[in-house]
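# Got a predicted structure here, sequence first:
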Amino acid sequence: EEQVDSVLERDVPCVIMNYLTKDLPVSCVAIDNIGGAMKAVDYLVKLGHKRIATITGELKSQVAIDRLNGYIKALEKNKIEKKTSYIIHGDFGRDSAINAAKELIKLKQPPTAIFSASDEMAVGAIQVAIENGINVPRELSVIGFDDNPFALNFSSIAVTTIRQPSHKMAMVATETLHNIITGKVKVNKRIILPTELIERASC
């Protein structure tokens, strides 16, 4: 907020990307993280899963909070009980997911599906499953978020994911900034872009 305030004080045209702000007087372009997470859980429910866990991102970030809230909303919508033991905090990184997945598979009643708040964490969860003789996807389904090609290259199983439109977000943000500079836009815009389910082999 301090960075944005300093930019606005100098009257520099500004657009925030990948963060939905409701309080600052500035335009922003973000993705529907809540809707994307709900899409992921709805898909797992459609496949027949009821024991669905999540590995969250760093909960200091809006993205991680929204994806966790989307997971919880989807459970409520599908009348599935929320279990605190199925919600493990991560930090978007692979190592945190490895630790989280180890914790989940040791549960008396382990989940049959894991929604990871990032593809990097999904890759870590799949790695733990394979190392422990758990078949993905027959015994455990894993879904990620982002459609991150760098993370997905490290997985032996093609990861089902929620794709965020990064390219489109950058284009829309640039177009919005250009419209502000040229005076075509006089009011602040809050633009939310939809996500897309990409079905692969991990579910």
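Arrived safely, thanks for sending.

# Give me the contact list for the worst-scoring helix or strand of the chain on mean pLDDT.
Least confident helix or strand, the chain: helix 149-152 with a mean of 87, by mean pLDDT, DSSP states H and E. Identification of contacts with helix 149-152 by CB atoms under 8 Å, 6 or more residues apart in numbering yields 94, 118-120, 122-123, 144, 158-159, 161. (Glycine included, C-beta is placed from N, CA and C.)

# Which one of those is nearest to residue 180?
Closest approach to residue 180 among the contacts of helix 149-152 (CB to CB): residue 118, at 31.1 Å.

# how near is residue 97 to residue 145?
12 Å (CB to CB, to the nearest Å).

# Actually, residue 73.
15 Å.

# ok, now residue 166?
From residue 166 across to residue 145, the span is 12 Å (CB to CB).

# Pick out whichever of these two has more residues nearby.
Taking neighbours as other CB atoms under 10 Å, residue 166 and residue 145 compare with residue 145 leading, 29 against 15.

# is it true that that one touches residue 120?
No: Residue 145 is beyond contact range of residue 120, at 9.8 Å (criterion: CB atoms under 8 Å).

# just to revisit the earlier point, distance between the least confident helix or strand of the chain and the chain's centre?
Relative to the chain's own centre, helix 149-152 is displaced by 14 Å; criterion: CA atoms, centre = their mean, to the nearest Å.

# partners of the helix or strand that comes right after that helix, with directions?
Counting by DSSP states H and E, the next helix or strand C-terminal to helix 149-152 is strand 160-163. Sheet pairing of strand 160-163 (DSSP bridges) gives strand 141-146 (parallel), strand 196-198 (antiparallel).

# Pick the most buried one from those strands.
When the strands paired with strand 160-163 are scored by mean count of other CB atoms under 10 Å, the highest mean neighbour count falls to strand 141-146 (a mean of 29).

# now could you export just the CA positions of that strand as CSV?
Extracted in CSV, the C-alpha atoms of strand 141-146 (Å, rounded to 0.1, in the frame of the first residue of the first chain):
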residue,chain,number,x,y,z
SER,A,141,-6.0,-37.6,-7.0
VAL,A,142,-3.9,-34.4,-7.0
ILE,A,143,-4.9,-31.1,-8.6
GLY,A,144,-2.8,-27.9,-8.7
PHE,A,145,-3.3,-24.2,-9.5
ASP,A,146,-1.5,-21.9,-12.0
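
# Check what contacts it and list those residues.
Here strand 141-146 has contacts from 36-37, 40, 43-44, 47, 49, 67, 112-123, 125-126, 129, 136, 151, 159-164, 202-203, using CB under 8 Å, 6+ apart.

# Show me those that map onto helices.
Of the contacts of strand 141-146, the ones assigned to helices by DSSP state H are 36-37, 40, 43-44, 67, 119-123, 125-126, 129, 151.

# And the furthest pair within those?
Of all pairs in those, the most separated under CB to CB is 36 and 129 at 22.9 Å.

# for residue 136, what are its contacts?
126, 129-130, 142, 157, 202.

# anything in contact with each of residue 97 and residue 145?
With CB under 8 Å, 6+ apart as the test, residue 97 and residue 145 both reach 116, 122.
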